[in-house]
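Need a 3D model of the sequence below.
(chains A and B)
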Amino acid sequence: AQSVTQLGSHVSVSEGALVLLRCNYSSSVPPYLFWYVQYPNQGLQLLLKYTSAATLVKGINGFEAEFKKSETSFHLTKPSAHMSDAAEYFCAVTRGGGADGLTFGKGTHLIIQP
Amino acid sequence: DTAVSQTPKYLVTQMGNDKSIKCEQNLGHDTMYWYKQDSKKFLKIMFSYNNKELIINETVPNRFSPKSPDKAHLNLHINSLELGDSAVYFCASSHGDGGTQYFGPGTRLLVL
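Prediction:
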């Protein structure tokens, strides 16, 4: 069984400050890990994906995440927050192979203060 | 061109009715999915389907049934709608080998 824990249902940062959204996973097999972003009343857009290649993954819009097996973590960061980053962020895990669906965390709502 | 599309975008209906939501993908993917997002924004897999297998989340009531006329389409049929079925339903597709899942815009279902 797999699970994802996102610490902090709401995170507030000032514009220009570092963004750090936390994600810890549990998986019995080497996982595929994802970060998705959801803007209000829209679908989910992929930010980045880890598939056992480089442990530091760069995504779109200046986001990156580091896979740390020892900590079972896949935290999302961005050096400098922009107002347009305000959205809901979801971490997800899958085993890969076959028709496996994604197991999502409960999401983190990112608030950007001007 | 929209990669994953869903119709309708909004659906308002009465309890007890039967409704369908359609999903189409033009990415050439072999695997499609349905997810439910509840009022707290929690996303949960309902079904995943490729030409080899249908995987059903055991928590999904049997009133929900996926129907796939071909590889590019996976429709969701819901019988005897209940108030608790109100949610946003997302379709997604991928290459079924851990590939990235691409999501549709969602269908907002409200059961009155």
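
Just checking, which helix or strand of chain B averages the lowest pLDDT?
Least confident helix or strand, chain B: strand B:54-56 with a mean of 80, by mean pLDDT, DSSP states H and E.

That one: what's the following helix or strand?
strand B:64-70 (DSSP states H and E).

And the pLDDT at the spatially most central residue of chain A?
The residue lying closest to the centre of chain A (Cα atoms, centre = their mean) is A:Trp35, at 3.3 Å. For A:Trp35, the pLDDT comes out at 97.

Can you verify my assumption that it contacts A:Ala87?
No: using Cβ atoms under 8 Å, A:Trp35 is not in contact with A:Ala87; the gap is 11.4 Å. Where you see a C-beta, it was placed from the backbone N, CA and C, and this is true even at glycine.

what are the ranges of the strands in chain B?
Taking DSSP state E as the criterion, chain B carries its strands at B:4-7, B:10-13, B:19-25, B:31-37, B:43-50, B:54-56, B:64-70, B:73-78, B:87-94, B:102-103, B:107-111.

before we move on, back to that, show me what the least confident helix or strand of chain B packs onto, helices and strands only.
strand B:43-50 (3 or more Cβ pairs under 8 Å, 6 or more residues apart in numbering or on different chains; DSSP states H and E).

quick one: is the strand it packs on near chain A?
Yes: using Cβ under 8 Å from any Cβ of the partner chain, strand B:43-50 reaches chain A at B:43-45, B:47-50.

Looking at those, which has the smallest pLDDT value?
B:Asn50 (83).

burial count for the closest residue to that one other than its chain neighbours?
Spatial nearest neighbour of B:Asn50, chain neighbours left out: B:Thr31 (4.2 Å); criterion: Cβ to Cβ, 6 or more residues apart in numbering or on different chains. A count of nearby residues for B:Thr31, using other Cβ atoms under 10 Å in any protein chain shown, gives 26.

correct me, but B:Thr31 touches B:Phe47?
No: with contact defined as Cβ under 8 Å, B:Thr31 does not reach B:Phe47; the gap is 10.7 Å.

ok, residue 43 - contacts?
Just going to use chain A. Residues near A:Gly43 by Cβ atoms under 8 Å, 6 or more residues apart in numbering or on different chains: B:4, B:90, B:103-106.

wrong one, I was asking about chain B
With contacts defined as Cβ under 8 Å, 6+ apart, B:Leu43 is in contact with A:44, A:90, A:102, A:104, A:107, B:35-37, B:90.

May I have the beta-bridge partners of it?
Counting by DSSP bridges, B:Leu43 is bridged to B:Gln37.

Most neighbours among the contacts of A:Gly43, which one is it?
Each of the contacts of A:Gly43 was scored for neighbours by other Cβ under 10 Å, and B:Gly104 scores highest at 27 neighbours.

so who does that residue touch?
With contacts defined as Cβ under 8 Å, 6+ apart, the neighbours of B:Gly104 are A:43, B:4-6, B:23, B:90-92.

Low-confidence regions, chain A specifically.
Low-confidence regions of chain A, defined here as pLDDT under 70, cover residues A:96-99.

where exactly do the helices run in it?
For chain A, applying DSSP state H gives no helices.

For it, which residues are neighbours of chain B?
Counting by Cβ under 8 Å from any Cβ, the positions of chain A adjacent to chain B are A:32, A:34, A:36, A:38, A:42-46, A:49, A:51, A:88, A:90, A:94-104, A:106-107.

Point me to the residue sitting closest to the centre of chain B.
B:Trp34 (3.2 Å).

pretty sure it is touching B:Tyr89, no?
Yes: look at B:Trp34 against B:Tyr89 with Cβ under 8 Å: they come within range, at 6.4 Å.
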